[in-house]
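>>> sequence first, predicted coordinates after that:
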Amino acid sequence: MSTATLDTNALLTVPAQPFDYSFSLAHTALLIIDMQRDFIEPGGFGETLGNDVSLLAAIVPTVKRVLEAWRASGGHVIHTREGHAPDLSDCPPAKRLRGAPKLRIGDEGPMGRILIHGEPGHAIIPELAPIAGELVIDKPGKGAFYDTALGEVLKTRGITHLIVMGVTTEVCVQTTLREANDRGYDCLLVEDGTESYFPEFKEAALAMIRAQGAIVGWTAPSASLLAVLPS
Ligand code: C5J
């Protein structure tokens, strides 16, 4: 179907857990969380914390497939990046100093300073790079609403529903879903469009999100979403 003739207010329904999820393109944003080199490529923040980053890299083709189909449908796209100002003024010492990583936030690594705005590692991976018209939200915390303009942007655009992908499932993705849910957004998490360094944490997070009648939100495989997109 051509987007020129598309009714973006039409309701689309995805078979999801714990029950069907309905949304319209006009009032929904595809929100892609932190698909940054620092989490997905060797030498970044994720690896300095001792994680196997290849687990996260494996979802890139799926995220790309959904992103391209969503773009073709003409829907809103928002990307987030976790990171900090070069002077670390927005990085609480509790975040920087916790644990014993090989490199801390702000230290010089193979992809520049770890999780610092403008450094190569802070960038979204090239396969998923934002295009003109797509919003990028820089966030200092795990949740995308904390200390950002995301809430205002969604209100201005009349967005009531969020379809979410990205990393990591139980940290920035789950925190953002919980923040969004408390603000009244209906959220669908794409099951194979999110990943954790700990597969058991991913499964637990998915189960927690959709438990108790979608207490935080819905989950569905990408194939179910792709099947209803007009592109
Ligand atoms: C983490 C994130 N795991 N994007 N960040 O520190 O989930």
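Looks like it arrived, so ask away.

>>> okay, now Leu55: neighbour count?
If you count neighbours by other Cβ atoms under 10 Å, Leu55 ends up with 18. Where you see a C-beta, it was placed from the backbone N, CA and C, and this is true even at glycine.

>>> do Gln17 as well
Other residues close to Gln17 by other Cβ under 10 Å number 20.

>>> quick one, phi psi at the residue nearest the centre of the chain?
With the centre of the chain defined as its mean C-alpha position, the nearest residue by Cα atoms, centre = their mean is Ile33, 1.9 Å away. Main-chain torsions, Ile33, degrees, to the nearest 10: phi -90, psi 120.

>>> ok, residues contacting stretch 132-152?
31, 33, 76-84, 90-91, 117, 124, 130, 153, 171-172, 175-176, 178-180, 183 (Cβ atoms under 8 Å, 6 or more residues apart in numbering).

>>> okay, and which of the residues you listed map to helices?
Under the assignment DSSP state H, those contribute 153, 175-176, 178-180 to helices.

>>> quick revisit: the contacts of stretch 132-152: which ones sit near the ligand?
82, 171-172 (Cβ under 6 Å from any ligand atom).

>>> so is the strand ranked longest in the chain next to the ligand?
Ranked by residue count and defined by DSSP state E, the top strand of the chain is strand 186-195. No: residues of strand 186-195 contacting the ligand under Cβ under 6 Å from any ligand atom: none, with a closest distance of 9.9 Å.

>>> now that strand: average pLDDT?
For strand 186-195, the mean per-residue pLDDT is 99.

>>> in whichever helix or strand comes after it, which residues are buried?
Counting by DSSP states H and E, the element after strand 186-195 in chain order, helix or strand, is helix 199-214. When burial is assessed from 16 or more other Cβ atoms under 10 Å, helix 199-214 yields the following buried residues: 202, 205-206, 209-210, 214.

>>> pipe those into a markdown table and attach distance to the ligand and pLDDT per row.
Below are those laid out as a markdown table (distance: Cβ to the nearest ligand atom, whole Å; pLDDT from 0 to 100):
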| residue | distance to the ligand | pLDDT |
| --- | --- | --- |
| Lys202 | 11 | 98 |
| Ala205 | 11 | 98 |
| Leu206 | 15 | 98 |
| Ile209 | 15 | 98 |
| Arg210 | 19 | 98 |
| Ala214 | 22 | 98 |
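
>>> where does this protein have low pLDDT?
For the chain, applying pLDDT under 70 flags the ranges 1-4.

>>> go with 90
Residue ranges of the chain with pLDDT under 90: 1-6, 101-102, 231.

>>> what does this structure have sitting close to the ligand?
34, 39, 82, 167-168, 171-172.

>>> how does it look with 5 Å?
Residues of the chain lying close to the ligand by Cβ under 5 Å from any ligand atom are 34, 82, 168, 171-172.

>>> any of the contacts of stretch 132-152 buried? List them.
31, 33, 76-84, 91, 124, 171-172, 175-176, 178-180.

>>> mind checking which of those are in strands?
Short answer: these in strands (DSSP E) are 31, 33, 76-82.

>>> out of these, which comes closest to the ligand?
Of all those, Glu82 has the smallest distance to the ligand: 4.9 Å, by Cβ to the nearest ligand atom.

>>> correct me if wrong: the closest one contacts Ile116.
No: between Glu82 and Ile116 there is no contact under Cβ atoms under 8 Å: 10.9 Å.

>>> hmm, back to that, take the buried residues of helix 199-214 and write them to JSON lines, including distance to Gly50.
Converted to JSON lines, the buried residues of helix 199-214 look like this (distance: Cβ to Cβ, whole Å):
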{"residue": "Lys202", "distance to Gly50": "17"}
{"residue": "Ala205", "distance to Gly50": "20"}
{"residue": "Leu206", "distance to Gly50": "24"}
{"residue": "Ile209", "distance to Gly50": "26"}
{"residue": "Arg210", "distance to Gly50": "30"}
{"residue": "Ala214", "distance to Gly50": "34"}
